[in-house]
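K.L.:
sequence and predicted structure are below.
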Amino acid sequence: MRTRDTIALALAPLSLRLMLAAIFLFAGLNKVIHTIDASPEQAAQLANLGAISPSSSPSRPSPESRVPPLPDPTAPTPIVPPGDAPTPPPTSTPTSTPTGTPESTSPDSTRADAASPLHIPHLARLQPTEPAPSTTAATTTPTNPEPTYTPADFPDGAKVKPGLMIALGIHAAAHPAPGPDGSTPMPLAPERLAQKPWPAVLAWAATLTEIIAAALLVIGLFTRLSALGLASIMAVAMWLTEIGPAIQGGTAQFGFLPNYAMMDPAWQHLMLQFSLFASAVSLFFLGAGPASLDAAIFGGPTSTPKSAPAPKPRKPLMDD
């Protein structure tokens with residue numbers, strides 16, 4: 001193999017790795033280091049998705065405090081001290097039989113004992129009495145409804161990480177706004193992925209994938225897996241931000257491209273996404289190259305395979 005071919009095979013994957021690592025490391029760290037101002041509507045939506053906690057302003061109670069607490073059915077019945085109990089009416093002293101055995105108490109004396117200051121309700125329940133009709137099976141204990149936050153709970157908005165904007169994008173893709181004619185466009189994401197807590201989970205998963213995959217590309221470790229993760233992120237980004245809305249609105253060019261003018265600067269966003277997607281796919285098939293930890297740990301071709309020798313030309317047959 002010629003020297004320039006060896007240098008090209010070493011520099012091509014290295015250039016792709018460094019380019020993708022610089023872009024995605026910058027984008028991923030920006031999503032977790034800095035904070036942005038979210039509007040009251042965005043903050044309420046993020047709180048409903050479980051991405052952020054509600055504001056704990058003392059002047060504005062949170063929705064949890066507005067829900068009255070339900071009585072605890074398992075709470076013990078308070079025992080009244082003897083000094084605070086009302087004085088029971090005088091009762092007759094039970095008489096004894098000639099043999100010294102006290103007579104059986106009458107229902108009146110039983111009621112009197114139950115009203116005595118030393119009577120404990122829990123001990124009274126242990127006595128064999130006629131069971132009362134149970135209503136536990138017929139009635140169900142209501143549970144506190146999950147609070148729903150509104151923009152009024154975040155009058156000043158909230159400080160959020162930029163990566164959480166991905167959660168809002170996923171929720172909006174699964175719940176498109178009705179069109180001018182009242183019809184609902186097709187959703188760009190499954191409904192299940194827009195339910196709590198999946199939007200926040202996917203947002204953090206995409207952010208961490210950008211950071212971890214970019215760091216691995218710098219040293220050339222697990223390069224193919226990292227490139228596949230970055231290519232997947234860019235494919236989803238192109239669908240949610242460019243291709244999907246174009247198809248959803250029915251104005252796509254060639255069936256899938258946005259309806260931008262030829263020299264519209266809006267093409268730059270899609271072109272950048274496609275360039276990163278194509279670079280990640282190329283690196284996935286090309287590999288990390290010799291200047292990487294993948295080559296040092298997992299090995300690679302050590303020599304250039306020799307080509308088969310060219311067949312010797314056959315001598316022409318001589319006529320008899």
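P.N.:
Perfect, thanks for sending it.

K.L.:
from now on I want contacts and neighbour counts done on CA atoms only, so please keep to that.
P.N.:
Will do.

K.L.:
quick check, Thr223 in contact with Ala214.
P.N.:
No - with the criterion set as C-alpha atoms under 8 Å, Thr223 and Ala214 do not qualify as a contacting pair; they are 9.5 Å apart.

K.L.:
pLDDT on the strand or helix carrying Ala172, on average?
P.N.:
Ala172 belongs to helix 165-174 when elements are defined using DSSP states H and E. Helix 165-174 shows an average pLDDT of 94 in the prediction.

K.L.:
from the contact counts, what lies against that helix?
P.N.:
If contacts are counted by 3 or more C-alpha pairs under 8 Å, 6 or more residues apart in numbering; DSSP states H and E, helix 165-174 sits against helix 40-48, helix 198-219.

K.L.:
mind listing the helices in this structure by residue range?
P.N.:
Shown for the chain, the helices assigned by DSSP state H span residues 3-33, 40-48, 63-66, 107-114, 121-125, 165-174, 198-219, 223-238, 244-249, 267-286, 293-298.

K.L.:
quick one: neighbours of the closest residue to Thr148 other than its chain neighbours, just the number.
P.N.:
Across the structure, with C-alpha to C-alpha, 6 or more residues apart in numbering as the measure, the residue nearest Thr148 apart from its sequence neighbours is Asn48 (6.2 Å). Neighbour count of Asn48, defined by other C-alpha atoms under 10 Å: 20.

K.L.:
I'd assumed Tyr149 was in contact with Asn48.
P.N.:
Yes - Asn48 sits in contact with Tyr149 when judged by C-alpha under 8 Å, with a separation of 6.1 Å.

K.L.:
quick one, what contacts Val281?
P.N.:
Residues touching Val281, when contacts are defined by C-alpha atoms under 8 Å, 6 or more residues apart in numbering, comprise Ala227, Leu228, Ala231.

K.L.:
just the pLDDT for it.
P.N.:
At Val281, the pLDDT value in this model is 97.

K.L.:
look up how far Arg224 lies from it.
P.N.:
Look at Val281 and Arg224: by C-alpha to C-alpha, to the nearest Å, they are 9 Å apart.

K.L.:
circling back: winner for burial among the helices and strands packed on helix 165-174?
P.N.:
Stretch with highest mean neighbour count among the helices and strands packed on helix 165-174: helix 40-48 (a mean of 22; mean count of other C-alpha atoms under 10 Å).

K.L.:
what stretches of the stretch 201-320 of the chain score poorly on pLDDT?
P.N.:
Flagging of the stretch 201-320 of the chain using pLDDT under 70 yields the residue ranges 300-313, 315-320.

K.L.:
apply 50 and report the result again.
P.N.:
Screening the stretch 201-320 of the chain residue by residue with the criterion pLDDT under 50, one finds the ranges 302-305.

K.L.:
quick one: contacts for Arg192?
P.N.:
If you count contacts by C-alpha under 8 Å, 6+ apart, Arg192 has them with Trp198.

K.L.:
so how far is Ala174 from it?
P.N.:
In this structure, Arg192 and Ala174 are 9 Å apart, going by C-alpha to C-alpha.

K.L.:
wait, Ala152 sits on Pro40?
P.N.:
Yes - with contact taken as C-alpha under 8 Å, Ala152 and Pro40 are classed as touching, separated by 7.4 Å.

K.L.:
spit out the contact partners of the residue nearest to Thr148.
P.N.:
Under the criterion of C-alpha under 8 Å, 6+ apart, the contact partners of Asn48 comprise Thr148, Tyr149, Lys196.

K.L.:
of the residues you listed, buried ones?
P.N.:
Tyr149, Lys196 (16 or more other C-alpha atoms under 10 Å).

K.L.:
may I see the contacts of Asn48 arranged in a markdown table, with pLDDT as well?
P.N.:
Compiled in a markdown table, those are given as follows (pLDDT from 0 to 100):
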| residue | pLDDT |
| --- | --- |
| Thr148 | 88 |
| Tyr149 | 90 |
| Lys196 | 89 |
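
K.L.:
what's the closest of the contacts of Asn48 to Ala296?
P.N.:
Lys196 (43.4 Å; C-alpha to C-alpha).

K.L.:
excluding chain neighbours, what is closest to the closest one?
P.N.:
Leu49 (5.0 Å).

K.L.:
cool, and Leu208?
P.N.:
Nearest in space to Leu208, with sequence neighbours left out and distances taken as C-alpha to C-alpha, 6+ apart, is Gly28 at 7.0 Å.

K.L.:
good, we can wrap up now.
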